[in-house]
Structures are given as C-alpha cells and as structure tokens.
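# take a look and give me a structure for this.
(4 chains)
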Protein chains: 2
Amino acid sequence: MDARLHIEIDPRADLPPSEQLAQQVRFAVASAELRPGDRLPSVRVLAVEALVNPNTVGKAWRDLEREGVLESRPGDGVFVARGALKVCVAARDAVLRERVERLVSDAHSAGLSRGDVQTWVDAAWTRRSGWKRAGGL
Amino acid sequence: MDARLHIEIDPRADLPPSEQLAQQVRFAVASAELRPGDRLPSVRVLAVEALVNPNTVGKAWRDLEREGVLESRPGDGVFVARGALKVCVAARDAVLRERVERLVSDAHSAGLSRGDVQTWVDAAWTRRSGWKRAGGL
DNA sequence: CCGACCGTCCTAGGCCGATAGGACAGTCAG
DNA sequence: CTGACTGTCCTATCGGCCTAGGACGGTCGG
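Predicted coordinates:
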C-alpha cells in the first residue's frame, strides 16, 4: 500500500517545485505506478527526500486533492483517490500534447525541418528504452 | 536593414517575458529571418508593441549582446552581430534538443508509448505546415 | 546648435512562490 | 492516557523578475 516514489526536484527549473511535485505524482498515477488506495509519503518525510520545504509538499498535495487525484485523511495520511487514474490520464495527455504543440511550433519557427524533430524524438526514445519495440508500457 | 518582427509575449508563461523575447530573437536569427546587420526595433518601440516594460526589452537585448547575438551602438540602435547565426543555431539546437529530451523522458515515465509521441508530433507538424513535404524552410 | 531619437543606468515598488518556524487538532499503537 | 505520527494553518521573510518613472550621455538630421 505504501508508495515509494523517487521524486526529483530541480529548484532551477522553469516550473516551481510544488508543480513539479504534483506533475510527477500525476504521471505516476497515469502510468499505474501509483494506484488508488496507495498511501503517499508524509509531507515531512517527502520534504526531506526532495530537499524542499514541507509547506511546498503540502501545497502540491492540496492542489492534487482539489483535482480529485488525492484524498487526504488528517492524522492518517494522503492516499490516491478512487477516480484518480482517469483524471491523471486526461491531465497527462493534455499537458504533453500541449508541450508537443509548443515544441513543434517553436521548432518550425526556428527553421528546423520535420525530419530534424522526428530524428531527435526517435533518438531520445531509443536512448531511454534501449532497443525495445515501439508500443511501450 | 530594419527588421519587422512580430513579437508575442505571454506574461503568464513559464518563461519570464525577457527570456521569451530573447528566445524569439535567437530563433529568428537561426531561421535567417533576421540577418547580421539588421537593426532591431528600439527598446521603447518594441516595449509598446509587446506590451512589456522598456527595461524588460533592455534586459533581453543586454543578454543577447553578452551571447554575441546582438551588437549595441548607443545613440544609434541594436543590430544583429556578425557571428550571430552560428551562435543562434547552436543555441536553438541545444534548447530544442533539451526540450525533446525532457518531453520524451516525461512521456516515457508517464506511461506513453513511442508511437503516441511520434503520432502527436507528426499531427502537430502537419497541422502547422499543411501538407508540405518534410524538410521545411 | 538643437531637438528627437537611441541605449543605458538607477531607485523604488509590487507580485508570486519558496522558505523558515511554530502552533493546532486528528489518528493510532502501546 | 501518552507519545509519535499524520495533515493543516498562520505569520514572517527572502529572492527573482517585472513594473514604474526618471536621469544621463551618445548619435544624427535639419
């Protein structure tokens, strides 16, 4: 039931730490790495691991609760909510499609060809998953 | 010689306005839309068009000058520097490859397949450039 | 020379988010 | 009950970045 998730926060990234935290949870739920009923690390424990302030973790948890991803039981812990998977899959698709959109838009206006981007995506994917066939998960 | 570039700033984006400004100039140079010797709009004029503060434009111009992209001639204007193209192409590739890397990394950890991303990229590109062949510009 | 434009610089303020540190109540094992 | 844990809340404070407004000197056409 207890989830051990390897959170990695980059304080210098474009997104604020609390949002990085929330997104990593959303993605973990969407990929079924986190499942409804799982208990997340406590605010203070995760704050130490992720090298952020407990309030920052609390903000992420609160945001996710408002989205229906988490369920908070004060005095007990925070848990992945029942309808979380559907919410997170939708959020994941929206976020990543938007990023693809902006990437392509910028690449296009910067003078890159379609093939350049395709090649880079392919190379990055291969580098990450070795030589497995397309159709991961 | 005078460059008319359509700058679009989103004050709510992840990147601060001055950085959006700088990147749009870098990309315009990389795509040869802006060429060495071209004069850029004055700080105050562009500030009005982009709906930002003149100081914000000034900061972007200053950053780009430090990179060797622009050349500032006080009392006259700012111009695209001689070695700008090489610098901007390198910067463009670095920035966009990094974004591809993070996109693929996130998509992978979020449970998406390689085909999902490839399809999205392809669709986005086609939507943008109609049905032209690969190898745009 | 003069005036309009240019980039640069400086001070002050506001906004947003993370940080620091503490206080509170609920839950649960011993 | 006690103590250790849980989430929540509140008040500063700090930092980055944009905003506001003004002042300075250089450049150039008339």
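# packing partners for the helix of greatest length in chain A?
Assignment by DSSP state H gives helix A:84-109 as the longest helix of chain A. The contact analysis (3 or more Cβ pairs under 8 Å, 6 or more residues apart in numbering or on different chains; DSSP states H and E) places helix A:84-109 against helix A:17-30, helix A:114-129, helix B:17-30, helix B:84-109, helix B:114-129. Placement of C-beta: from N, CA and C, glycine included.
# count of neighbours near residue A:87?
17 (other Cβ atoms under 10 Å in any protein chain shown).
# residues touching it, list them.
By Cβ atoms under 8 Å, 6 or more residues apart in numbering or on different chains, the contact set of residue A:87 is A:67, A:68, A:69.
# so what's it closest to, chain neighbours aside?
Excluding the flanking residues, the one nearest residue A:87 by Cβ to Cβ, 6 or more residues apart in numbering or on different chains is residue A:68, at 5.2 Å.
# the one you found: neighbour count?
Neighbours of residue A:68 (other Cβ under 10 Å): 14.
# how close does it get to residue A:80?
10 Å (Cβ to Cβ, to the nearest Å).
# most distant residue from the centre of chain A?
Here chain A reaches farthest from its C-alpha mean at residue A:111, the gap being 30.4 Å by Cα atoms, centre = their mean.
# helix or strand for that one, which one?
Following DSSP states H and E, one finds residue A:111 outside all helices and strands.
# nearest residue to it in space, please, no chain neighbours.
Closest to residue A:111 by Cβ to Cβ, 6+ apart is residue B:31, at 3.0 Å.
# got the phi and psi for that neighbour?
phi -90, psi 10 (degrees, to the nearest 10).
# give me the pLDDT for the residue farthest from the centre of chain A.
Per-residue pLDDT puts residue A:111 at 96.
# does it touch residue B:30 like I think?
Yes: counting by Cβ atoms under 8 Å, residue A:111 sits close enough to residue B:30 to count as a contact (5.6 Å).
# so what sits against both of those two?
Joint contacts of residue A:111 and residue B:30 (Cβ under 8 Å, 6+ apart) are residue B:92.
# next one: the residue nearest to residue A:87 from DNA strand C, what distance?
As judged by Cβ to the nearest atom of the strand, to the nearest Å, residue A:68 and DNA strand C stand 21 Å apart.
# then residue A:85?
24 Å.
# list the contacts of the closest residue in space to that residue that isn't next to it in sequence.
Among residues not flanking residue A:85 along the chain, residue A:29 sits closest, at 6.1 Å (Cβ to Cβ, 6+ apart). Neighbour list for residue A:29: A:35, A:69, A:80, A:84, A:85, A:88 [criterion: Cβ under 8 Å, 6+ apart].
# before we move on, what about residue A:107?
Neighbours of residue A:107 in contact, by Cβ under 8 Å, 6+ apart: A:116, A:117, B:96.
# residues of chain A that sit close to DNA strand C?
Neighbours of DNA strand C within chain A, by Cβ under 7 Å from any atom of the strand: A:11, A:16-19, A:52-56, A:59, A:73-76.
# which of those residues fall within strands?
Among those, the members falling in strands are residue A:73 (criterion: DSSP state E).
# and the nearest residue to residue A:89 once chain neighbours are set aside, how many neighbours?
Leaving aside its chain neighbours, residue A:89 sits nearest to residue A:30 (4.9 Å; criterion: Cβ to Cβ, 6+ apart). Neighbourhood size, residue A:30 [other Cβ under 10 Å]: 26.
# also residue A:79?
19.
# what's whichever helix or strand it is part of in contact with?
Using DSSP H and E, residue A:79 maps to strand A:77-80. Applying Cβ under 8 Å, 6+ apart, the contact partners of strand A:77-80 are A:3, A:29, A:34-40, A:42, A:61, A:65, A:69-73.
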